[in-house]
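# Provided below are the primary sequence and the corresponding predicted coordinates.
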Amino acid sequence: MDTHASIDAADQADIDLFLERVWSEEGLADLTLAAYRSDLEGFARWQAAHRRTLREARREDIFRYLGERGAARIKARSNARLLTALRRYYAHRARVQPGADNPTLLLEPPKLPRGLPKALAEREVEALLRAPDDATPLGLRDRTMFELMYASGLRVSELVGLPLAALNLRQGVLRVAGKGGKERLVPVGEVAQDWLQRYLAEARPVLARGRQPAALFLSNRGEGMTRQMAWTLVKKHALAVGIDPKRISPHVLRHSFATHLLNHGADLRALQMLLGHSSLSTTQIYTLVAKEGLKRLHAQHHPRG
């Protein structure tokens, strides 16, 4: 699959304009924009290798490109994301250039298996929360981060992006900037509040080193945390308490938050608001996780299981 040809200059300009438009109109996350760019530029290079441009793409070109990607064992989920990028790009072209062809019309995305979110058992979460040594500034920071993630169901990008000003301990809420820049108020919970108060009093001043950084959670250099740092810390502490690092990530704590709330009788629409999902259908998958847990419980303990 030849994708090393140079991109046509007009195609590159069109891609840049499209990404600028969707960023300004919808506030898409940087990771989403980067994925769109990678997909569109990959197809543009493939088109250039076949002496065509994005503007000249036909439906059969997209079919052939997808076929080559399939032969190269590129996953269906990646191809579905590619089709999303192409659909949006060509819809944008048709909007700004009336009469422009849209070769993605009538194309069906590949069927994706619906995987269930992976959640930890409540005892595993408790073990992970206790893993950091809260007698040290870094351990206290890690414990507070984990408590907050589990208490509030934050995405890791939301956690590391939290400014100190987003926290209102008196009211026990966070102002969180979610996907697309959408803000929501999230309750913190009494236990997480207590850990935050300790962290702010004992650990953060030490990590800040006399400066006044904006970020709530700081690295040992006194700077804001990164997503990669948060991933590494979760896996490190999970390994220390015997949880397989392959089963754990910051997002697993978010899944555990949602699953455990449902198991204890939370309302689905309330959970949707807490998680910041734009669609209830996204939240409903957690009901399947809860049902699977009940099935396992029944099979394990019922005499007719």
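Received it, and whenever you're ready, just let me know what you need.
# Who are the contact partners of residue 128?
The contact partners of residue 128, by C-beta atoms under 8 Å, 6 or more residues apart in numbering, come to 120, 146, 234, 237, 238, 241, 243, 248, 253. Yep, even glycine has a C-beta here, placed from its N, CA and C like the rest.
# So residue 253 belongs to a strand, correct?
No: looking at residue 253 with DSSP: H, G, I helix; E, B strand; the rest coil, it is helix, so not inside a strand.
# List the buried residues for stretch 138-150?
Residues 138, 140, 141, 142, 143, 144, 145, 146, 147, 148, 149, 150 are the ones in stretch 138-150 that count as buried (16 or more other C-beta atoms under 10 Å).
# and for the helix or strand harbouring residue 41, what are the contacting residues?
Residue 41 belongs to helix 30-49 when elements are defined using DSSP states H and E. The contact list for helix 30-49, computed with C-beta under 8 Å, 6+ apart, reads 1-8, 11-12, 15, 18-19, 22-23, 28, 53-54, 56-57, 61-62, 65, 68, 81-82, 85-86, 88-89.
# which ones among these are found in helices?
11-12, 15, 18-19, 22-23, 61-62, 65, 68, 81-82, 85-86, 88-89 (DSSP state H).
# Show me which of the residues you listed are buried.
11, 15, 18-19, 22, 61-62, 65, 81-82, 85-86, 88-89.
# Toward the C-terminus from the one helix or strand residue 191 maps to, list the very next helix or strand.
Per DSSP H and E: residue 191 is located in helix 190-198. Scanning forward in sequence from helix 190-198 by DSSP H and E, the next helix or strand is helix 204-208.
# Identify each buried residue in that next one, please.
204, 206, 207.
# need those in CSV with distance to residue 35, can you?
What follows is these, written out as CSV (distance: C-beta to C-beta, whole Å):
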residue, distance to residue 35
204, 34
206, 38
207, 33
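# Redo these as a markdown table? Include pLDDT and distance to residue 96.
Formatted as a markdown table, the buried residues of helix 204-208 follow (pLDDT from 0 to 100; distance: C-beta to C-beta, whole Å):
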| residue | pLDDT | distance to residue 96 |
| --- | --- | --- |
| 204 | 97 | 48 |
| 206 | 97 | 53 |
| 207 | 97 | 48 |
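# Nearest to residue 77 among those residues?
residue 207 (37.9 Å; C-beta to C-beta).
# Separate out the buried members of the contacts of residue 128.
Buried members of the contacts of residue 128, counted by 16+ other C-beta under 10 Å: 120, 146, 234, 237, 238, 243, 248, 253.
# Nearest to residue 155 among these?
Distances from residue 155 to the buried ones among the contacts of residue 128, taken by C-beta to C-beta, are shortest for residue 253, at 10.0 Å.
# For whichever strand or helix holds residue 239, which helices and strands make contact with it?
Using DSSP H and E, residue 239 sits in helix 227-240. Here helix 227-240 touches helix 122-130, helix 137-152, helix 156-160, helix 250-263, going by 3 or more C-beta pairs under 8 Å, 6 or more residues apart in numbering; DSSP states H and E.
# angle of that helix against helix 137-152?
90 degrees (axes from the mean of the first three to the mean of the last three C-alpha atoms, to 10 degrees).
# buried ones in helix 227-240?
Residues of helix 227-240 classed as buried: 229, 230, 233, 234, 235, 237, 238 (neighbour count, 16+ other C-beta under 10 Å).
# Next, format the residues you listed as JSON lines and append distance to residue 38 and pLDDT.
As requested, these are arranged in JSON lines below (distance: C-beta to C-beta, whole Å; pLDDT from 0 to 100):
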{"residue": "229", "distance to residue 38": "24", "pLDDT": "93"}
{"residue": "230", "distance to residue 38": "24", "pLDDT": "92"}
{"residue": "233", "distance to residue 38": "28", "pLDDT": "94"}
{"residue": "234", "distance to residue 38": "26", "pLDDT": "93"}
{"residue": "235", "distance to residue 38": "26", "pLDDT": "92"}
{"residue": "237", "distance to residue 38": "32", "pLDDT": "95"}
{"residue": "238", "distance to residue 38": "30", "pLDDT": "93"}
